[in-house]
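Asker: I need the structure of the sequence given here:
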Amino acid sequence: MRPLLKHMVLPGFLFISWLLLNKSFSVGNMVLGLVIALLLTWLASWLRPLRAYPKRPWTAIKLIIHVAIDIGKSTYDVGKLVWTWPHAGATPGFLEIPLRIRDPHALAALSCIITYTPGTVWADHSSVDNILILHVLDLKDEEAWRRTIQNRYETPLLEIFE
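Answerer: Predicted coordinates:
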């Protein structure tokens, strides 16, 4: 991406959002939206000491699709498990997963993915050992969970952020 285009993504998104939320394309509203978008972008840059430079947008799109599908499947599975709880035979537990990613933005994205998926919770992360502690509602196969987190989520995040 060209440097100027890269810096105009957030203000452009805010400007378009402003116009759509106000349902008005008058000149005054456009000027006000542009001023607010540029001002908010400038102010927000002070709050981000470390900038993210994501790469491979197609990998990011594929990851978003995988996460959406996994959230749908997990919602169904957890609903079924909760509905039949006394007889479901669920085995909740904690799991340690060694991670390769170090980028704070990739770690934040992984924590969101895991926490948004029903039945899993990001319980802890050791920055010294780079080990994730995950709580799973139905932990039957630890190795399958490790493979899922490392291959399905961590590998694309490595491509995107590192």
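Asker: just the CA coordinates of the helix or strand containing Leu32, formatted as CSV?
Answerer: Leu32 is located in helix 27-46, with elements delineated by DSSP states H and E. In CSV, the C-alpha atoms belonging to helix 27-46 read as follows (Å, rounded to 0.1, in the frame of the first residue of the first chain):
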residue,chain,number,x,y,z
VAL,A,27,-21.9,19.9,2.3
GLY,A,28,-22.0,20.9,6.0
ASN,A,29,-22.3,17.4,7.2
MET,A,30,-19.5,16.3,4.9
VAL,A,31,-17.2,19.0,6.2
LEU,A,32,-18.0,18.3,9.8
GLY,A,33,-17.5,14.5,9.2
LEU,A,34,-14.2,15.1,7.6
VAL,A,35,-13.0,17.4,10.4
ILE,A,36,-14.1,14.9,13.0
ALA,A,37,-12.5,11.9,11.2
LEU,A,38,-9.2,13.7,10.8
LEU,A,39,-9.2,15.0,14.4
LEU,A,40,-10.1,11.6,15.9
THR,A,41,-7.4,9.9,13.8
TRP,A,42,-4.8,12.5,14.9
LEU,A,43,-5.8,12.2,18.6
ALA,A,44,-5.9,8.4,18.4
SER,A,45,-2.3,8.2,17.1
TRP,A,46,-1.1,9.5,20.4
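Asker: tell me which residues of it are tucked away?
Answerer: Using 16 or more other C-beta atoms under 10 Å as the test for burial, helix 27-46 gives 33-34, 37, 41. From N, CA and C alone the C-beta is placed, and that goes for glycine too.
Asker: tell me the mean pLDDT over that helix?
Answerer: For helix 27-46, mean pLDDT rounds to 88.
Asker: what packs against that helix?
Answerer: helix 9-22 (3 or more C-beta pairs under 8 Å, 6 or more residues apart in numbering; DSSP states H and E).
Asker: which secondary structure elements does the helix it packs on contact?
Answerer: On a contact count with 3+ C-beta pairs under 8 Å, 6+ apart, helix 9-22 meets helix 27-46.
Asker: can you point me to the longest helix in this structure?
Answerer: Ranked by residue count, the top helix of the chain under DSSP state H comes out as helix 57-83.
Asker: how far off centre is it?
Answerer: The chain centre lies 12 Å from the centre of helix 57-83; the measure is C-alpha atoms, centre = their mean, to the nearest Å.
Asker: list the buried ones in that helix?
Answerer: Within helix 57-83, judged by 16+ other C-beta under 10 Å, the buried ones are 59-60, 63, 67, 70, 74, 78, 81.
Asker: find the nearest non-adjacent residue to the spatially most central residue of the chain, please.
Answerer: In the chain, the centroid-proximal residue (C-alpha atoms, centre = their mean) is Ala109; its distance is 3.5 Å. Using C-beta to C-beta, 6 or more residues apart in numbering and skipping the chain neighbours, the partner closest in space to Ala109 is Leu157 (5.8 Å).
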